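>>> give me the fold of what follows.
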Amino acid sequence: MPLPFTAAIASEPVDSVAHIIQIALTPVFMLSGIGTLLNLFNTRLARVSDHIEQANALLTDDNDDAQRNMQLERHLVRLHRRTLILDTAILAGGLGGASSCGAAFVLFMGSVRDSSVAAWLVLMFGLALACTVGALALFLGDSLISWHGLKREGPLPRPTPKTT
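Okay, the predicted model is just below:
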């Protein structure tokens, strides 16, 4: 006994059904890539946050070395800049992921309703691409700030041993 939906599929050529599946999978693969990027951004943000805590702890030590404290403050400014950039990258990546989901939804609704959804599809997928490119550009900005800071200022200073 054939399933109820097989009659509708049997009337469609195999090539057109395969093409619909290919088109519908594109946003899903993009969403998978965006998810990986968001994981990377969150991991970097956690590391920057750990560096901020370490720099704050070194700054609040009972150390009167003005040059060291100034270096730590510059380091903290750079780290705060990086958190702002990474937060924005995560926001852009999230918008890109939501737009990818929207594009997949529009494709699904278009196939169910058999209506023209080309404008919505272009808008949603275009927004997903634009947000993903923006997130990657922000990630590059964070990397440049990190590399430039390490080259110019070096790593955090080591805590000075306390004398008792």
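>>> so residue 45 sits against residue 91, correct?
No: the criterion here is CB atoms under 8 Å, and residue 45 misses it with residue 91 at 11.7 Å. (Glycine included, C-beta is placed from N, CA and C.)
>>> please identify which of these two sits among more neighbours.
Higher neighbour count among residue 45 and residue 91: residue 45, with 18 against 15, using other CB atoms under 10 Å.
>>> quick check: buried residues in the helix or strand containing residue 127?
Assigned by DSSP states H and E, residue 127 belongs to helix 118-153. Across helix 118-153, burial judged by 16 or more other CB atoms under 10 Å covers 120-121, 124-125, 127-128, 131-132, 134-135, 138-139, 141-142, 146, 149.
>>> now tell me which helix or strand of this structure has the poorest mean pLDDT.
In the chain, no helix or strand scores lower on mean pLDDT, DSSP states H and E than helix 6-11, which sits at a mean of 48.
>>> immediately after that one, which helix or strand?
Once helix 6-11 ends, the next helix or strand along the chain (criterion: DSSP H and E) is helix 14-60.
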